[in-house]
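A.B. asks: curious how this folds, go ahead:
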Amino acid sequence: MKLHQDVCKVLYTEKQLQQRVAELGAQITRDYQGEEVLMVCTLRGACIFYCDLIRHIDLDIKLDFIATSSYGNDTKSSGEVRLTKDLSSPISGKNVIIVEDIIDSGLTLKYLKRLFEARDAKSVRICSLLDKPEGRQTDIEGDYIGFTIPNAFVVGYGLDYAERYRNLPDVCVLDPRIYAK
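C.D. replies: Predicted structure coming up:
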């Protein structure tokens, strides 16, 4: 794929991603046996992970979507989280799992977790494909983590830079020369 020319290396292959997503789905299934769960996808980065993950969860689940913005076309969070699309249904009394592509600064997830707790969710947990602890600016932690990654800018499998590279099948480190322009 031509877009692969813009990456330094592949961190996780499509096969590795699919195996880990299946493991996360099985873990969520075990943890919530006999309960209903609302799976909330953070748009747009988590959409591919979300679609793959929910097919591995053998529970009564409901689906919803939320969108925030804190990056724009930059490689670092602005520090200001804006809600750009809210949930479609109430969450009071529900088990909620926020499905995220990456925990980096943690600001977005802290914002969403507080928001959902304020809306009286029964429980709020975080499932993230990737965790980048070196980027953390807050004390938020994920409950279900696919992979812990180094402090690098990654793209693919839904993750983007300036709305590009989401369609790469692997998680890759983007060549810094691409975003240094």
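
A.B. asks: tell me the mean pLDDT for the longest helix that the chain contains?
C.D. replies: Under DSSP state H, the helix in the chain containing the largest number of residues is helix 14-31. Averaging the model's pLDDT scores along helix 14-31 yields 98.

A.B. asks: likewise for stretch 150-168?
C.D. replies: Rounded to a whole number, the mean pLDDT of stretch 150-168 is 94.

A.B. asks: next: stretch 96-115.
C.D. replies: Mean pLDDT, computed over stretch 96-115, is 96.

A.B. asks: in it, which residues are buried?
C.D. replies: With burial defined by 16 or more other C-beta atoms under 10 Å, the residues of stretch 96-115 counted as buried are 96-113, 115. From N, CA and C alone the C-beta is placed, and that goes for glycine too.

A.B. asks: filter these down to the ones in helices?
C.D. replies: Within the buried residues of stretch 96-115, residues falling in helices by DSSP H are Leu107, Thr108, Leu109, Lys110, Tyr111, Leu112, Lys113, Leu115.

A.B. asks: tell me the secondary structure for Val124?
C.D. replies: Each residue gets one of three states, and Val124 gets strand by DSSP: H, G, I helix; E, B strand; the rest coil.

A.B. asks: number of residues surrounding it?
C.D. replies: By other C-beta atoms under 10 Å, 22 other residues sit near Val124.

A.B. asks: which one of the ones in helices among the buried residues of stretch 96-115 is nearest to His56?
C.D. replies: Comparing these against His56 with C-beta to C-beta places Leu109 closest, at 21.6 Å.

A.B. asks: quick one: residues contacting the residue nearest to the closest one when sequence neighbours are not counted.
C.D. replies: When the adjacent residues along the chain are set aside, Leu109 lies closest to Ile140, with 4.9 Å between them (C-beta to C-beta, 6 or more residues apart in numbering). Under the criterion of C-beta atoms under 8 Å, 6 or more residues apart in numbering, the contact partners of Ile140 comprise Ile103, Gly106, Leu109, Lys110, Lys113, Ile126.

A.B. asks: who's in contact with the nearest residue to the last one once chain neighbours are set aside?
C.D. replies: Closest residue in space to Ile126, ignoring its immediate chain neighbours: Gly142 at 4.5 Å, by C-beta to C-beta, 6+ apart. Residues counted as contacts of Gly142 (C-beta under 8 Å, 6+ apart) are Glu100, Ile103, Leu109, Ile126, Cys127, Ser128, Asp131.

A.B. asks: alright, calling it a day.
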